[in-house]
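Chemist: structure for this input, please:
(3 chains)
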Amino acid sequence: MAKKLKFFLQSQLEVFKGDSLGSIGAIIFACFIMMAIFAPFIAPYGPEEMIYKEGRLLRLQPPSWHHLFGTTQMGQDIFSQVIYGSRAAVLVGVLSAILVSIIGTAVGLVSGYYGGKTDAFLMRVVDLAYGIPFLPFIIILVALTGLTFWNVVIGIGLLLWRTPARVIRAQVLSLKNRPFVEASRVLGASNFRIILFQIAPNVLPLTFSYTALAMGWAILTEANLSFLGYGDPIMMSWGKILFRVYIIQAMTIAWWWVLAPGLAIILLVLSGFFIGRAYEKVTNPRLREY
Amino acid sequence: MDGGKTESATMNVNQDEMIEVRDLRKYFPLEKGFLSSLFSREETKFLKAVDGISFDIHPGEILGLAGESGCGKTTTAKTLVGLYAATSGKILFGGQEITELMVQNRKRWARTAQYIFQNPYESLNPRQTVLDAVIEGLRIHRIGNREERIEMAVQALSRVKIMPPSDFFDRFPHQLSGGQRQRISIARALVLNPKLVIADEPVSMLDVSIRAEVINLLKELTEQMHLASLFISHDISLIRYICDRTAIMYLGKIVEIGPTDEIIDHPCHPYTQLLLSAVPVPDPEAGRIRIKLHGDVPNPVDLPPGCRFAPRCERATDACHLYEPEQVQVGKDHFVLCYRI
Amino acid sequence: MLLEVKNLKVYYKTTKGTVQAVDDVSFSLEEGENLGLVGESGCGKTTVVKTILRLFPTNIAHVSGTVEYSGQNILQMTFDELSRIRWKEISMIPQSAMNALDPVYTIEEQILEALQTHDEISYSEALQKIYGLFDLVGLERSRLKDYPHQLSGGMLQRACIVMALVCSPKIILADEPTTALDVVVQDNILQRINELHKKIRASMILSSHDISVIAETCDRVAVMYAGQFMEYASSRKIFGNPFHPYTVGLQQAFPNIKGTKKKLIAIKGYPPNLINPPRGCRFASRCPFRKEACVAKDPPLVEVEPLHLSRCIRSDAIDEIRRRASMEETWERTELS
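Modeler: The predicted structure follows:
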């Protein structure tokens, strides 16, 4: 069992070895995770802490050595805000991605393997999911159920599974007639066993790819929601930083206030996409370079 | 085919483990388009992949099933192992009819009948180790505990000359050669101690220099384990080498069946004669007498009435084009489906 | 001499290293002669065939040596010169006709394209030429208007043969032309190839892993293994008087439809890794007749009798080798699994 785990981890490392962008993405992602976990230790100030100097509020300070990303209208250190904001991003990103990939993979497996009416039904549900506009749906959902990040995660999970479901279903369709699956059937394996032990392991790289991509989308969505004012009121998030600079119309003045969270969003989302691409290369050898 | 029953009486074998196939048919319905199924009153067309074949396989014997692509040999094999349900006909094992049981209780039939696939590069799960692949059957049927399973895997791998077995346990298929992969597929099939083994073109995707390894192995195992083996191939030279008896299939029918040497030395059916004359010989000096062929293989869905080979047969008469021929005995255990012997 | 290949080396790049797919291959082709390249998967025969037309994949690492056609080196030609040779002088029948033909164009459109790209010829003249070839290969003229998916495997292969012949080339390269076909269809195609050879004085290079196909169609044969020629002689000599242990071993491994039934003997082991080819004879690891000297130095191709080359230093012991090769125990000696 331990040997299998070791082999599994080794093979995940293999995925990144050949792919420079993927490795960069993985490193960036790891940095953000560290940032999220160790935020209180890294951030020089609290997220909402108002900073005074010589009795006056340090409003709208451009970047300096003390405040790497400058300060807000209320004298808050933007660097600390970005660091604390990574928590919301990573949490929403990772949790949503897991939810999306579980639902998407399960649907893809069942739909692709069983075919027939089950497949037809599930694919119509996917069509429905595609028909629903993503952001408006989440906004409405969050407005109705409450402005918590859990609801955001559920909202994302309820829709984004549609893409991995289709793609994984396609791969299951091609896998289910491969000789090694027939061999399992001949040995007497039940459908459940075949799906779990023969097909699922071969679909994993695709699952991982879509998990990473979903993470990118989830982070973007969370930022969007917070930017529009629908974010969790308690948690600091990058979107919220942008929201604040926007509503006081300071975007043209305080470029640092926009740059910092913007960069953070771009970097983390890109890292998700790079990781996703690295896994995609595993499933599609033609994408590999020599 | 009545010849089968008298055969077993004279052959003095353990009838308990004999496979008998009687008038087996497997038809595949052809799907009509949406509009034609709504509006056209045409009957559903069928692809008659296997259309009434009968044969026996005795334990310790290798029966060859030869023919070109599309003749129905793979369909026969898959029906025999339970992957397809027979459309009609009977399959008996040890005298008992199991046609329905083999599909309803696939799992139980798996203990008796196993299959070796053609493509060694696709018949092993790329994410399973050799050990996992070999003991898969034991896991499915919950046989033995971990140690016992490993012991059985060692035995199975030794039988197929993968030595030393433990060295291979943790290897993955991509680390093995084609010949090794095929032997592991065989080990996987044997670990359940089946009575019937179907080998579907087991060496056609292997390099020539290592085919002999797998072929000789199959022959040895059939004798040692007293298996009833069905060997499917389009390569007649291989069939000649390994099969005790052979059935020649054409468009879903067995046109000739009998002892291999008999069939090769004295082929009676025009198609058998054609097939044999088409085999190239690795000798630049040998002149081959080729039989002239008329026309191409007919469409298997819209079969003409009468003998299926008639459109291409030199000896065909009017009767051949109208009525399907019946089985004729031309020698001891040698039967031909033709009027014009 | 129509074609002369000297010291050809073709290497490919892969993620694991550089594969020395073809390593120092030399041969010549006379007018009207059929050359057969026999070997198993990975021996390099397809690479040799494709190199003659300079058909390289994207991961090519190294090409050296010369491929001389009519005094010019194909490997050094400009693209224009090469385009004039391709198809018009040297054409190819690919392995899998299904994949070689474009599914969205009719057979007629594809053959016409081949013809009209290289020759100034009117439609009616072209059609007559194509009809003539169709009759020659036994295809119904009506098939010209069909799409590839409407033809069977054998018909497609024949259509590919027509396409290869349509510009009246001097050399036809056939890369495993019958591997994907049933035995009766294969026989048909082989017959056609032989008949065509008599009618059209084109030379042919035919590669196959099936020694019987080569035996029936080729005048000279080269046995390839691990990127090199192991033996090179006339077809009669290779089959009747083989000198290289690999050739002898191959013959032992082939079942025969006629003659006495002998025990099939496999050559144990597998071909060497061409990323790091072993020193000395590449067949040594599987050869039951190897000596120390075989692994110490790369054996050269030597003339064992007039016009018969073998890459084996033990050709003087050939009688003993042939005698022992027919015994199963000889081949058991080498490594297993």
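Chemist: report how many residues lie close to residue 124.
Modeler: All of this is about chain A. 10 (other Cβ atoms under 10 Å in any protein chain shown). The way it works is simple: take the backbone N, C-alpha and C, and place the C-beta from them, glycine included.
Chemist: ah, no, chain C please
Modeler: Applying other Cβ under 10 Å, I find that C:S124 has 8 neighbouring residues.
Chemist: where's it, which helix or strand?
Modeler: If you go by DSSP states H and E, C:S124 is part of helix C:123-137.
Chemist: can you name the residues of the stretch 51-200 of chain C that neighbour chain B?
Modeler: C:152, C:154-155, C:182-188, C:190-191 (Cβ under 8 Å from any Cβ of the partner chain).
Chemist: next, format the residues you listed as a markdown table and append distance to A:A254, neighbour count and secondary structure.
Modeler: Converted to a markdown table, these look like this (distance: Cβ to Cβ, whole Å; neighbours: other Cβ atoms under 10 Å in any protein chain shown; DSSP: H, G, I helix; E, B strand; the rest coil):
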| residue | distance to A:A254 | neighbour count | secondary structure |
| --- | --- | --- | --- |
| C:S152 | 73 | 15 | coil |
| C:G154 | 76 | 22 | helix |
| C:M155 | 74 | 21 | helix |
| C:D182 | 77 | 21 | coil |
| C:V183 | 81 | 22 | helix |
| C:V184 | 82 | 20 | helix |
| C:V185 | 78 | 23 | helix |
| C:Q186 | 78 | 25 | helix |
| C:D187 | 83 | 24 | helix |
| C:N188 | 82 | 22 | helix |
| C:L190 | 81 | 22 | helix |
| C:Q191 | 85 | 17 | helix |
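Chemist: so where do the strands sit in chain C?
Modeler: C:3-14, C:17-29, C:34-38, C:60-69, C:72-73, C:90-93, C:171-175, C:203-208, C:220-225, C:228-234, C:302-305, C:308-310 (DSSP state E).
Chemist: could you do chain A as well?
Modeler: Secondary structure of chain A, counting by DSSP E: strands at A:52-53, A:56-57.
Chemist: out of these, which one sits most buried?
Modeler: Most buried of those, by mean neighbour count (mean count of other Cβ atoms under 10 Å in any protein chain shown): strand A:56-57, with a mean of 12.
Chemist: can you lay out the strands of chain A as CSV showing distance to chain C and mean pLDDT?
Modeler: Converted to CSV, those look like this (distance: least, Cβ to the nearest Cβ, whole Å; pLDDT from 0 to 100):
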stretch, distance to chain C, mean pLDDT
strand A:52-53, 57, 86
strand A:56-57, 58, 86
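Chemist: export those strands to JSON lines and tack on distance to chain B?
Modeler: Shown next, in JSON lines, are those (distance: least, Cβ to the nearest Cβ, whole Å):
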{"stretch": "strand A:52-53", "distance to chain B": "60"}
{"stretch": "strand A:56-57", "distance to chain B": "60"}
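Chemist: returning to that earlier point: could the strands of chain C go into CSV alongside mean pLDDT?
Modeler: Listed next are these as CSV, based on pLDDT from 0 to 100:
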stretch, mean pLDDT
strand C:3-14, 93
strand C:17-29, 92
strand C:34-38, 94
strand C:60-69, 93
strand C:72-73, 92
strand C:90-93, 92
strand C:171-175, 92
strand C:203-208, 93
strand C:220-225, 95
strand C:228-234, 95
strand C:302-305, 91
strand C:308-310, 94
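Chemist: make CSV from the strands of chain A and add distance to A:E14 to it.
Modeler: Listed next are these as CSV, based on distance: least, Cβ to Cβ, whole Å:
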stretch, distance to A:E14
strand A:52-53, 52
strand A:56-57, 53
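Chemist: who touches C:A180 in this structure?
Modeler: Contacts here follow Cβ atoms under 8 Å, 6 or more residues apart in numbering or on different chains; on that basis C:A180 touches C:95-98, C:153, C:157.
Chemist: doesn't B:L63 belong to a helix?
Modeler: No: counting by DSSP: H, G, I helix; E, B strand; the rest coil, B:L63 is not found in a helix; it is strand.
Chemist: next, count neighbours for C:Q76.
Modeler: Neighbours around C:Q76, by other Cβ under 10 Å: 11.
Chemist: now do the contacts for the residue in chain B that chain A sits nearest to.
Modeler: Per Cβ to the nearest Cβ, B:A110 is where chain B lies closest to chain A, at 3.2 Å. With contact taken as Cβ under 8 Å, 6+ apart, B:A110 is in contact with A:186-188, B:82, B:137, B:140-141, B:192.
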